[in-house]
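Q: Sequence unavailable; structure follows:
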């Protein structure tokens, strides 16, 4: 904990901010995980610096119901998980507009640990404010899902954290198909949300069926075109 730092910037500006910080640092092992493909730019440079300095934050512009307690927290860590989470949120906001969604993005992975375990860790109060004490948390992660559970197992709301991440599935295929093979895609994230929110009712059931059909359509396309 004294030397290890792990960063997963969600876009290019955040990558610039993180690398600037890492290249100025001394006596640390800095791990930066970033993709090589063109990707959306979510934050301005100033906003990226502020977000990366904090290490974790609520993206108000991505969610809704800003002044109210959320029905669900959509959390993401890593560039591809962030893309899929924001796509999932777009689907939820379009088809289930009454749902109050909070989007939390994690850049500094060690923020998830308690302060007692890592100097960058959030206090229990800060963690509860961001991730709530009792609401479902759908967490999309770049790496193995078990790691998120290891970092958060002492948190108040740990039992409500559902993590999607890499589970050793996939081969040479499209980037999106890799997310599908690991159940990390936008459709699975939406279905996970519906499963944990019975108040979505018939609209949720209908949307879930449509997304299952989308996944079947996707598999047929991959089987045909590679």
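A: Received, thanks. This structure is a prediction, so every number in the text was calculated from the model and none was measured.

Q: What mean pLDDT does stretch 156-173 get?
A: Stretch 156-173 carries an average pLDDT of 94.

Q: So which bits of that stretch are buried?
A: Neighbour-count burial for stretch 156-173 flags 157, 160, 161, 162, 163, 164, 165, 166 (criterion: 16 or more other C-beta atoms under 10 Å). To be clear about C-beta, it is placed using only N, CA and C from the backbone, and glycine gets the same treatment.

Q: hmm, who's touching that stretch?
A: With C-beta atoms under 8 Å, 6 or more residues apart in numbering as the contact definition, stretch 156-173 has outside contacts at 81, 124, 127-128, 131-145, 147-149, 152, 155, 177-178, 181-184, 188-189, 192, 196, 222, 226.

Q: just checking, which of these belong to strands?
A: Those of those mapping onto strands are 137, 138, 139, 140, 141, per DSSP state E.

Q: Report the central residue of this protein.
A: Note on the chain: the residue nearest the mean C-alpha position is residue 76, at 1.0 Å, using C-alpha atoms, centre = their mean.

Q: before we move on, the earlier item: most neighbours among the ones in strands among the contacts of stretch 156-173, please name it.
A: For those, the largest neighbour count, defined by other C-beta atoms under 10 Å, is 29 neighbours, found at residue 140.

Q: Leaving out sequence neighbours, find the closest residue to residue 52.
A: Among residues not flanking residue 52 along the chain, residue 17 sits closest, at 4.1 Å (C-beta to C-beta, 6 or more residues apart in numbering).

Q: host element of the one you found?
A: Per DSSP states H and E, residue 17 falls inside helix 12-24.

Q: Show me which positions of that helix end up buried.
A: Counting neighbours by 16+ other C-beta under 10 Å, helix 12-24 gives 12, 13, 14, 15, 17, 18, 19, 21 as buried.

Q: can the residues you listed go into TSV with extra columns for pLDDT?
A: Below are those laid out as TSV (pLDDT from 0 to 100):
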residue	pLDDT
12	97
13	98
14	98
15	98
17	98
18	98
19	98
21	97
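
Q: Flag the helix or strand of this structure with the lowest per-element mean pLDDT.
A: Lowest on mean pLDDT, DSSP states H and E among the helices and strands of the chain sits helix 175-181, with a mean of 94.

Q: From residue 47, how far out is the nearest residue to residue 53 once chain neighbours are set aside?
A: Among residues not flanking residue 53 along the chain, residue 17 sits closest, at 7.8 Å (C-beta to C-beta, 6+ apart). When distance is defined by C-beta to C-beta, to the nearest Å, residue 17 is 10 Å away from residue 47.
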